[in-house]
Structure formats: C-alpha cells, structure tokens
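**Q** sequence unknown, structure follows:
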Ligand SMILES: Nc1ncnc2c1ncn2[C@@H]1O[C@H](COP(=O)(O)OP(=O)(O)OP(=O)(O)O)[C@@H](O)[C@H]1O
Ligand SMILES: [Mg+2]
C-alpha cells in the first residue's frame, strides 16, 4: 500500500523540521569549501602544469566538480543509512512505534528509503547550484546529473540500510566509513582518473558503485555522455540499489518482526 | 466488518512463541471478552511480553491459533492493528518532538485526517493531564508523564482493545495511582483492557480476570478473588525472627497453619485466623522480632503455585 509508505515517509519529513536549517547550511558550505580549496587552489597548480585541459575542457575544477557531486551523494547516503536506521531500531525506536499501527515492515522500510532519496535529491540540487555558481555546469545535460547523483546515493543507501539493520550497535559504522566510504571517496575517480592507479587496483575501482556514479555524473555534467556507457552505469547503480533493497527488506523482517 | 458482540475479542489456543531453542510461550489458552480488563501476572521472563506482542500482531506465532477481533493476525494484521492500541513495555516516544507532535505523527500512521487528530489530541492531553506540557519536548518529562503520553497516544485511533505491557513498572506510587485511575476510567468507557504486570496490587486493582503465568505457561486462571480463595487461605501471619533462624523455627510451628512458607527474611503462615495463630505462636514460647497479620494476596497465590516470589 503506497499510502502507508507515505505515512512512514511523513515521519521523517516531520522530524526533519527540527534540523533542516543546519543540514542545508552544511550542504551549501561543504561544496563551496571543496571547490574553493581543491578546485581553485589545487586546480590552479594542475592547470598550470598543463594537465587540467586534458582532464576536461574547463580544466581541473570542471573535472572535479561532478565527481564531488557523486561522492557527496555517497557520503550523504552513508550517513543517512547508518545512525538514523540504528536509532529507529534501538534508540528512538521509531520503527517499533510505527509497527504498532497499521504500517507494515515493508511500509516502514519503503518510507525510510524514500526519505533518503529525497534527502539525496535535496543535497545534490544544492550541490549543482553551487557548481553552477562556480561555472562548472557547461551543458544543459547537467540537470540530468541530479537524478544520476541521487541514484548513486541510493546504490549506497539501500545496501547500507540492510547492513545497519543487522548491527547490534554503531561500532561497525566507523569501520564502514574508514575502510569503505573514505577509500572510495579518494580512489574512485573523484579527484583523478583511475587510469592513474596502479594497474592491479583499477578493476577494484571499476566494481565500486562510486566509480560508476562519478563517471555518469561527470559525463552528464560535461555534456559528453554517450548512450551505451551511460545506460550501463545506470543499470549497475540500479542493481546495487535493488539488491540492497531486497537485503534490507530481509534484514528488517528478521529484526523487527520476530 | 463488525465483529459479533458475543464473540471474544481475543481467542487463543495452544499459543506458542519460540526464539531458537528457547520457548518463551509454551502453549497457552485464553479468551478475553468485550469490555473486560484481563491481566497476565507473572515474574520476569514468564513470557508476558512475548504473548502480548503476538496479540498486537507484531510477532508471528510459532504455534497454536489466535483470533483478534475475529480476525487472523497472519492475514489481517493491518486491519487488526488499526483497531488496537498498544502501550509497549519500553516507550517508543520521540524524545526530540513535543508532546503534541508525538500524538500528531502517531495519528498520521493511522491515516487520520489532520483535523481529527488535532481535536482528539486536545481531549487526550486533558485525559492524560498533559495539557500544560503539550508544547514541551518529551525528553525532560517525568517517567509517569511519558507513560501517560504513551497511553494517550495509543488511544488516538479510538481503539476497541488497549494492550498495556507493564504500564506502571518503574513509576513511584503516586504516579502509579494516577495511571490506575486513568485506566479505570477507560474501562468505564467500555474499552477492553489487556495488561501485563508483575505487581499483584496492580492486577488486583485493575483486572476483572487474570492468568498467572510462569515459564511460558498459565499456572492458574480466575478473578483475583477466586484465585486467592482457591490457592490461599483467608489470612497470612508473617513472622520475622533473627537472621538464619527461620528454617529451624518453621518446624516448631507445625500444626498452627495449613501451610508454612520459609522466605529468607520471614515465615509466612497460611491460616484462617491470623490473630489466633499469633497467640498460638506465643503459647509455644516463641518471641518473633515482628509479627503481622494480613489478608492473602495474589503474591501468595503465586508463591503457592510456583514456589517463587513475583518480584525479588
Ligand atoms: N526477541 C527475542 N529474542 C530472543 N529471546 C527473546 C526475545 N524476546 C524475549 N525473549 C526471551 O523469551 C523469554 C520471555 O520473555 P518475555 O519478554 O516475553 O517475558 P516477560 O514476561 O515479558 O518478562 P519481563 O517481566 O522481564 O518483561 C525470556 O527468556 C526472554 O529472554
Ligand atoms: Mg515483558
């Protein structure tokens, strides 16, 4: 029942009223800082060395910005799918409150995943706005980078939700960030093409969803996307999101209806 | 679908709940009629919450049959839950939201229109004596206030059946009495109450009928009065002697009581006339440090049935 999932989504939107100012401010600030430091600061060195133009027509900043867009979606997804999920199971126990009402386990899950998708759209829209202000949205195709970034996020949000729902405490989350999210952030093509990686490591980068998200967002933003690879990235990211949803559904049933 | 008024609201036969090898509920039978206040009395781990969670359609049965409001929880969980109210053992309030916001969002889970929720929230806040705190966050409220809010919240859908899992555990006496009064009013309004407790006074105050649960089974069933008549004597004489003497002294009191229970800190003599038994104690030359004559309670029933105390 779709409307039941909407009522679960309504909770997340309702409680967001408490924190929206802070999260929106940081959604603005973080791309501004990154683009200023890495894009303009570091970028001017790269461009002066003559490598910038080979990365993207507009230089290093133009190369970096859409990569950061995808990586930020990943980080947002990882944050939204860890502590809030654990909290709704163990601390605030929101899921338990919902399940005492007509909402079912699938509604509870669908509502929360829908909320994560909305958050990703919001964060990515703000990011794209900052990119436009920095002049790094050269093509109208850049608009298509918005759903692409959100899809990238969901390729992480769904499986991480499944993971979080199997945890007894939040100790595993810092490991997830340290050994999963941060290495991907650094080595999946956000800051430099993965061709720079030692050859044996390149296939590792290819299988990470982030590399596909970065490649997709970058191609759309720069207007260089071609149908075949773009659809391939969408399918790969979609598969992660779908598989993650199936696993999350199983984990939620196991955890909440026993 | 209106259910038959004569049909029990809850009907359970051979109800089982297992967690792996652990049997939490071990084949229990019970029925609850419309308008009744029904209790599960039992110590920690007896299986009260497990039974209640199955009735609330939160947890699938491991065995047996269950009908709630004439419906099957496995198939009609959504419809059943839309007509139930649940007060879980551990609160599930959102501490960061205000009192009123907690009521509002919970009403939305039931798909109630905003206007209806607003009207009901005002009434429920008054009922729960929380009107003054309506716009405060839940976090700093006292335990009793949180519990009253949880009960108010469970009433937002005007349920026919209210399930309360240990409604007053951890509250001070005053807060408990206030809660009992509110529950009593609900019962007067015709709401069917099912509650679990390990307080015998709570069971005696609130329940028309109860089952005594121990280790997943029902040890006895009846009204509080029937249970006491059936399993205990009219009065109890409690005697305290010096530490460590109780076991030996119990032997010297033989014949004075129908039954003697030896607890670490006192002796319980089950008798028809407590004063008479106390006089008999003195006649045998025993001088207890203290002596108390009281009526039998459900605690005595529980001790008799299981050899253990309810709360330790
Ligand atoms: N989700 C669960 N997983 C595993 N075991 C459980 C689970 N829930 C309850 N149990 C076990 O089932 C038994 C009965 O527990 P239950 O919570 O139903 O008892 P209770 O009568 O409500 O006790 P209390 O007064 O402590 O609330 C206990 O041994 C408990 O450890
Ligand atoms: Mg319990």
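**A** Arrived safely, thanks for sending. Here the structure is a predicted model, which means the values were calculated and not measured. Ligands and ions are numbered 1, 2, ... in the order given.
**Q** Nearest residue to the one residue in chain A that gets nearest to ligand 1 in space, ignoring adjacent ones along the chain?
**A** The shortest separation between chain A and ligand 1 is 5.3 Å, found at residue A:258 (distances taken as Cβ to the nearest ligand atom). (C-beta placed from N, C-alpha, C; glycine too.) The shortest distance from residue A:258 to any residue other than its chain neighbours is 6.2 Å, reached at residue B:59 (Cβ to Cβ, 6 or more residues apart in numbering or on different chains).
**Q** Do I have it right that that neighbour meets residue A:255?
**A** No: between residue B:59 and residue A:255 there is no contact, the gap being 12.0 Å when judged by Cβ atoms under 8 Å.
**Q** who's more crowded, these two?
**A** Applying other Cβ atoms under 10 Å in any protein chain shown to residue B:59 and residue A:255 shows that residue B:59 carries more neighbours, namely 22 against 16.
**Q** Just the helices from the chain, written as ranges.
**A** In the absence of a named chain, chain A is used. For chain A, the helices identified by DSSP state H occupy A:2-16, A:20-34, A:43-48, A:52-55, A:60-80, A:83-86, A:94-99, A:105-133, A:145-164, A:171-176, A:182-187, A:202-207, A:209-222, A:227-256, in order along the chain.
**Q** You answered for a different chain; I wanted chain B.
**A** Listed in chain order, the helices of chain B (DSSP H) span B:48-55, B:73-81, B:99-109, B:114-127, B:143-154, B:173-188, B:200-206, B:224-231, B:246-252, B:274-283, B:298-306.
**Q** Check the ones you listed for me: which has the lowest mean pLDDT.
**A** Per-stretch mean pLDDT for the helices of chain B is lowest at helix B:246-252 (a mean of 85).
**Q** Packing partners of that helix?
**A** Contact partners of helix B:246-252 among helices and strands, from 3 or more Cβ pairs under 8 Å, 6 or more residues apart in numbering or on different chains; DSSP states H and E: strand B:259-262, strand B:267-271.
**Q** Of these, flag the one that's most buried.
**A** Between those, the one whose residues have the most neighbours on average, counting mean count of other Cβ atoms under 10 Å in any protein chain shown, is strand B:267-271 (a mean of 23).
**Q** how far does stretch A:48-62 stretch from start to finish?
**A** 15 Å (Cα to Cα, to the nearest Å).
**Q** For it, which residues meet the burial criterion?
**A** Of the residues in stretch A:48-62, those with enough neighbours to count as buried (16 or more other Cβ atoms under 10 Å in any protein chain shown) are A:52, A:55, A:56, A:58, A:59, A:60, A:61, A:62.
**Q** Can you tell me what sits against that stretch?
**A** Where contact means Cβ atoms under 8 Å, 6 or more residues apart in numbering or on different chains, the residues beyond stretch A:48-62 that reach it are A:35, A:39-40, A:42-43, A:46-47, A:63, A:134-136, A:138, A:193, A:218, A:222.
**Q** Can you tell me which of the residues you listed are buried?
**A** Looking at those with 16+ other Cβ under 10 Å, the buried ones turn out to be A:35, A:39, A:43, A:46, A:47, A:63, A:134, A:136, A:218, A:222.
**Q** Where is pLDDT lowest across those residues?
**A** residue A:39 (81).
**Q** Excluding sequence neighbours, find me the nearest residue to that residue.
**A** For residue A:39, the nearest residue in space outside its immediate sequence neighbours is residue A:61; the separation is 3.7 Å by Cβ to Cβ, 6+ apart.
**Q** Walk me through the domains of chain B.
**A** For chain B, the structural domains run B:10-223, B:233-295, going by automatic domain parsing.
**Q** starting at the chain centroid, how far to the last one?
**A** With Cα atoms, centre = their mean, to the nearest Å as the basis, the distance from the averaged C-alpha position of domain B:233-295 to the chain average is 30 Å.
**Q** hmm, back to that, and the helices of chain A, which one is worst for confidence?
**A** Mean pLDDT is lowest for helix A:52-55 out of the helices of chain A, coming in at a mean of 78.
**Q** any chance of the helices and strands packed on helix B:246-252 in JSON lines, with distance to residue B:15 too?
**A** Putting the helices and strands packed on helix B:246-252 into JSON lines (distance: least, Cβ to Cβ, whole Å) gives the following:
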{"stretch": "strand B:259-262", "distance to residue B:15": "31"}
{"stretch": "strand B:267-271", "distance to residue B:15": "32"}
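**Q** so which of these comes closest to ligand 2?
**A** Go through those one by one with Cβ to the ion and the one that ends up closest to ligand 2 is strand B:259-262, at 26.0 Å.
**Q** now what about the closest one, what contacts it?
**A** The set of residues that contact strand B:259-262 without belonging to it, under Cβ under 8 Å, 6+ apart, is B:233, B:246, B:247, B:250, B:253, B:254, B:267, B:268, B:269, B:270, B:303, B:304.
**Q** Now the two most distant members of those.
**A** With distances taken as Cβ to Cβ, the most widely separated pair in those is B:233 and B:247, at 21.5 Å.
**Q** tell me which parts of chain B are close to chain A?
**A** Residues of chain B found near chain A, taking Cβ under 8 Å from any Cβ of the partner chain as the criterion, are B:19, B:56, B:58-60, B:77-79, B:81-82, B:84, B:86, B:88, B:90-97, B:101, B:104-106, B:108-111, B:154, B:157.
**Q** isn't residue B:159 right up against residue B:191?
**A** Yes: here residue B:159 lies in contact with residue B:191, judged by Cβ under 8 Å, at a distance of 7.1 Å.
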